[in-house]
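Enquirer: fold the following, please.
(2 chains)
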Amino acid sequence: MKNLKILSITLIIFLFANTSIFSQSVTGLQVVENVYNRPVGEDMTADLTMTLINSSGKERVRTIKQFSRDFGEIEKKIMFFVKPADVKNTSFMTWGYDEEGKDDDQWIYLPALKKTKRISSDSKSDYFMGSDFTYDDLGDRHPTQDTHTILREEELNGEACYVVESIPKDEDYMYSKTITWIIKDKWIGLKKDFYDEDEDLLKTLTVEKYEDIKGFLIISHTEMKNVQKNHKTIMELKNIEINTGISKSKFTERIMTRGI
Amino acid sequence: MRKIFLIMLITFSYSIFAQSVDFSGYVRNYPGMLVGNGSNDFVILQNTFNLNIEKSFDNSSFKVNPMIYHNYSDSLYFRLREAYIDLYFDNFDLRVGKQQIVWGKADGVFITDIVSPKDLFEFLLPEFDEIRIGVEGAKFNYYVGNNTFEIVWLPVFTPTKFAAPNSVWAVTPTFPITPTFDRSKLRVQSSLENSELFLKYSALTEYIDYEIMGGYMWDDDPTMFSSFVPDSAGSMNLVISPEHKRLSLVGGSFSTTLGPLVVRGESAFYFGKYFNTNNPTINQGVVQKDYIHYMVGTDFNLFDVNFSMQFIQKVIMDYEDIIVSNQLFNGEYSNMMTFLARYSMLNETLDLELFSYYDFEFDDALIRPRMLYDFSDTINLQFGANIFTGTEGMFGQYNKNDMIYGKIIYSF
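Expert: Residues are numbered from 1 along each chain as shown, chains lettered A, B, ... in the order given. Model (predicted):
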């Protein structure tokens, strides 16, 4: 089995809530906090397709069915792998906590071994399933972990954006900085550049599509390109359902082992 | 008659396909060559077809998992690994049929993971899902949140399967004089009073996962009872009567995280296992003792390499020096460890792995370096070696079986 850990695959990374902030007074931290705090519904079901494309254009495809629900202080997610065939019926479950400093709990069910294993959530710099997304890229990085500065305001793909530079407070973090283009009136991160420890451009994330579902803006198509390796990952969410009332019993070992 | 059968078969097949039964599995080519005895013999030239046939409904499902092994001698070995039906209710599930059951938190060792016996046709070299034998029975699971109460009832006893006598993995027991064997008591009749029962309570929580279990079963490995029987010339012959005996155990396991570490433990207390002694004239050459089997281990990541280490110990209680050592028990204390390192590269298309068992008592080991490459989403290539060190013990006994092998696996 690959080096896998459960994580946020919501793709709702750069959304916002509060639209009452005026551009004249907004700070970099406020912009990113509004992206971070944007309401995204209590629960979500979706089919995720992840296409990995290497430098010679060869594609590998991973398909995942995922469920998530916010229980207040705990957010629970469960994922079932559909493709490729050798990881079919593998499932992951994660419980993420609002409590500061409390690590996520994560489990993986390996159908060949018929075993549910607890795994560490420590390696956030690991890449998810061979993609160009690290676990941290896919999760909710708290705004207070970085220092944010608005560099300028400019238009991207016809949308007025803040361009925000974020420098991690932890000097050992895997990126030296990120620069994000955040849509002013929608508070969606439309593009994000990741810089490596030598401050060279490493990866670029672009949002290709976002949808309004039950009043929530959901990013449904993103691409992450590693410009140093010339490797690309396309993530697409389909059949997205919001606030369907997913039962809490969905997020149990029973369902991990039984499957979708 | 044939026509009727054919029509029935076609009708059945069509109805199966029409209901979208899910087919998955793999085809595997697996050559392995001995390099330890200078022979360069291809002891493994194997083609395997593994088919999972599954169908899920709202409140039920079924799975049938046949496996066919084709060997170089043109022999076919058919295994029905699993064939069961699941029934789902609000708070409980019932699974009936042939099924593999896996308990415990240890990897590569069997402490509380004793419901499904082992098929040692190639020692411990196959993948663990191939080592385990499906057992015929019923499993009842009752759920309260993330707490599970499990009852397993097996009306049919399935013993350990050992390698064929002509296999390089065959183990020949040694006796002070050449015995004759009386296998009349070896088979355990399938009856209600001979059934096996296992209970488990498990919980998955924020802080720790744990299991508490117990079992009333048969010892998967037969006890070798000895007796002396006079022959027609009046000489006394040593007669060995292999017989499975009842065995009980209680145990438990846990798994938790401590910062970047996953810490695991597992332990079982076995009641009344028979051990062979060095005096076949007393008490049929056996003595009954309790023993403890436990493991502590950790998993962690360092420099992008995933590591896993386990220490395993067996302790025979109220030990007596007359107990004969064997591959599994070497004296009062038997100490072993396992080590796993795995590094993924090229966007997880290439994995380098090293897995090893080391036995402190016999100073023997099995070292298994392996390279795995995903040629595509469906084709996986493997190349590896099995290196046995030492001269005695579970691994040292195979010191002439060092092997290199390759595998091509097509998954569908």
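
Enquirer: which ones are touching the one residue in the stretch 51-200 of chain A that gets nearest to chain B?
Expert: Closest to chain B within the stretch 51-200 of chain A is A:G130: 3.3 Å, counting by C-beta to the nearest C-beta. (Each C-beta comes from the backbone N, C-alpha and C, glycine too.) Counting by C-beta atoms under 8 Å, 6 or more residues apart in numbering or on different chains, A:G130 touches A:K2, A:L52, A:R60, B:S344, B:N347, B:E348, B:T349.

Enquirer: swap the cut-off to 7 Å and go again
Expert: A:K2, A:L52, B:N347, B:E348, B:T349 (C-beta atoms under 7 Å, 6 or more residues apart in numbering or on different chains).

Enquirer: now B:N330
Expert: Here B:N330 is in contact with B:E361, B:F362 (C-beta under 7 Å, 6+ apart).

Enquirer: look up how far B:F110 lies from it.
Expert: Taking C-beta to C-beta, to the nearest Å as the criterion, B:N330 is separated from B:F110 by 17 Å.

Enquirer: same question, B:L80
Expert: On the measure of C-beta to C-beta, B:L80 and B:F110 end up 22 Å apart.

Enquirer: who has more neighbours out of those two?
Expert: B:F110 (21 against 12; other C-beta atoms under 10 Å in any protein chain shown).

Enquirer: excluding chain neighbours, what is closest to the more buried one?
Expert: Spatial nearest neighbour of B:F110, chain neighbours left out: B:K118 (7.1 Å); criterion: C-beta to C-beta, 6 or more residues apart in numbering or on different chains.

Enquirer: the one you found contacts B:I131, correct?
Expert: Yes - taking C-beta atoms under 7 Å as the definition, B:K118 is a contact partner of B:I131 at 5.2 Å.

Enquirer: where does the stretch 51-200 of chain B come near chain A, residue by residue?
Expert: Residues of the stretch 51-200 of chain B lying close to chain A by C-beta under 7 Å from any C-beta of the partner chain are B:Q100, B:V102, B:E127, B:F128, B:D129, B:Y143, B:G145, B:N146, B:T148.

Enquirer: which ones are touching the fourth one?
Expert: Looking back up the chat, that one is B:F128. B:F128 makes contacts with A:L113, as judged by C-beta under 7 Å, 6+ apart.

Enquirer: can you pull out the low-pLDDT segments for chain B?
Expert: Scanning chain B for pLDDT under 70 picks out B:1-19.

Enquirer: show me the helices in it, by range?
Expert: Taking DSSP state H, the helices of chain B run over residues B:2-18, B:128-131, B:393-396.

Enquirer: now do the contacts for residue 252.
Expert: The chain I'm using is chain A. A:T252 sits next to B:G145, B:N146 when contact means C-beta under 7 Å, 6+ apart.

Enquirer: right idea, wrong chain: chain B
Expert: Counted by C-beta under 7 Å, 6+ apart, B:G252 has contacts B:Y210, B:E211, B:I212, B:M213, B:S267.

Enquirer: so the first one touches B:A203, yeah?
Expert: Yes - contact status for B:Y210 versus B:A203: in contact at 5.9 Å, counting by C-beta under 7 Å.

Enquirer: next, count neighbours for the spatially closest residue to A:T178 that is not a sequence neighbour.
Expert: Here the nearest residue to A:T178 in space, its sequence neighbours aside, is A:S166; by C-beta to C-beta, 6+ apart that works out to 4.9 Å. By the criterion of other C-beta under 10 Å, A:S166 has 20 neighbours.

Enquirer: same question for the helix or strand harbouring A:S166: list its buried residues.
Expert: If you go by DSSP states H and E, A:S166 is part of strand A:159-168. The neighbour-count check on strand A:159-168 (16 or more other C-beta atoms under 10 Å in any protein chain shown) flags A:C161, A:Y162, A:V163, A:V164, A:E165, A:S166, A:P168 as buried.

Enquirer: what about the residue lying closest to the second one once chain neighbours are set aside, which SS state?
Expert: Going back to what we said before, that points to A:Y162. Spatial nearest neighbour of A:Y162, chain neighbours left out: A:I182 (4.8 Å); criterion: C-beta to C-beta, 6+ apart. Following DSSP: H, G, I helix; E, B strand; the rest coil, A:I182 is assigned to strand.

Enquirer: can you tell me how far A:I182 is from B:L258?
Expert: A:I182 is 38 Å from B:L258, by C-beta to C-beta.

Enquirer: same thing with B:K161?
Expert: With distances taken as C-beta to C-beta, B:K161 is found 39 Å from B:L258.

Enquirer: looking at the two, which one has more neighbours?
Expert: Using other C-beta under 10 Å, the more surrounded residue of B:K161 and B:L258 is B:K161, with 14 against 10.

Enquirer: bridged to the residue positioned nearest the centre of chain B, which residues?
Expert: Here the mean C-alpha position of chain B is nearest to the C-alpha of B:K118 (C-alpha atoms, centre = their mean), at a distance of 3.5 Å. Beta-bridge pairing of B:K118 under DSSP bridges involves B:R132.

Enquirer: what sits against the residue nearest to A:Y162?
Expert: Applying C-beta under 7 Å, 6+ apart, the residues contacting A:I182 are A:F14, A:V31, A:V35, A:C161, A:Y162, A:V164, A:I188, A:G189.

Enquirer: now do 10 Å
Expert: A:14-16, A:28, A:31-32, A:34-35, A:150, A:156, A:159-164, A:188-192 (C-beta atoms under 10 Å, 6 or more residues apart in numbering or on different chains).

Enquirer: again, but for B:V171
Expert: B:L120, B:F123, B:F162, B:A163, B:P165, B:N326, B:Q327, B:M394, B:Q397, B:Y398.

Enquirer: skipping adjacent residues, who's closest to the last one in space?
Expert: Read that as B:Y398. Using C-beta to C-beta, 6+ apart, the closest residue to B:Y398 is B:F388 (4.6 Å).

Enquirer: number of nearby residues for the one you found?
Expert: Around B:F388 there are 23 residues (other C-beta under 10 Å).

Enquirer: again, but for B:K400
Expert: B:K400 has 13 nearby residues by other C-beta under 10 Å.

Enquirer: for chain A, see how far away the residue lying closest to it once chain neighbours are set aside is.
Expert: Excluding the flanking residues, the one nearest B:K400 by C-beta to C-beta, 6+ apart is B:N37, at 4.1 Å. To chain A, B:N37 is 32 Å away according to C-beta to the nearest C-beta, to the nearest Å.

Enquirer: from what I see, B:N37 and B:N399 are in contact.
Expert: Yes - contact status for B:N37 versus B:N399: in contact at 9.0 Å, counting by C-beta atoms under 10 Å.

Enquirer: per-domain residue ranges of chain B.
Expert: Here chain B is described, according to automatic domain parsing, as comprising the domains B:27-85, B:89-259, B:303-412.

Enquirer: can you redo those domains as JSON lines with distance to A:P143?
Expert: Shown next, in JSON lines, are the domains of chain B (distance: least, C-beta to C-beta, whole Å):
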{"stretch": "domain B:27-85", "distance to A:P143": "42"}
{"stretch": "domain B:89-259", "distance to A:P143": "24"}
{"stretch": "domain B:303-412", "distance to A:P143": "28"}
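
Enquirer: for those domains, which one sits closest to A:I213?
Expert: domain B:27-85 (26.4 Å; C-beta to C-beta).

Enquirer: now do the same end-to-end measure for that closest one.
Expert: Domain B:27-85 has an end-to-end distance of 25 Å (C-alpha to C-alpha, to the nearest Å).

Enquirer: same question for stretch A:238-249.
Expert: This stretch, stretch A:238-249, spans 24 Å end to end (C-alpha to C-alpha).

Enquirer: B:M295 against B:F311, yeah?
Expert: Yes - look at B:M295 against B:F311 with C-beta under 10 Å: they come within range, at 6.8 Å.

Enquirer: joint contacts of these two?
Expert: In contact with both B:M295 and B:F311: B:M336, B:M337, B:T338, using C-beta under 10 Å, 6+ apart.
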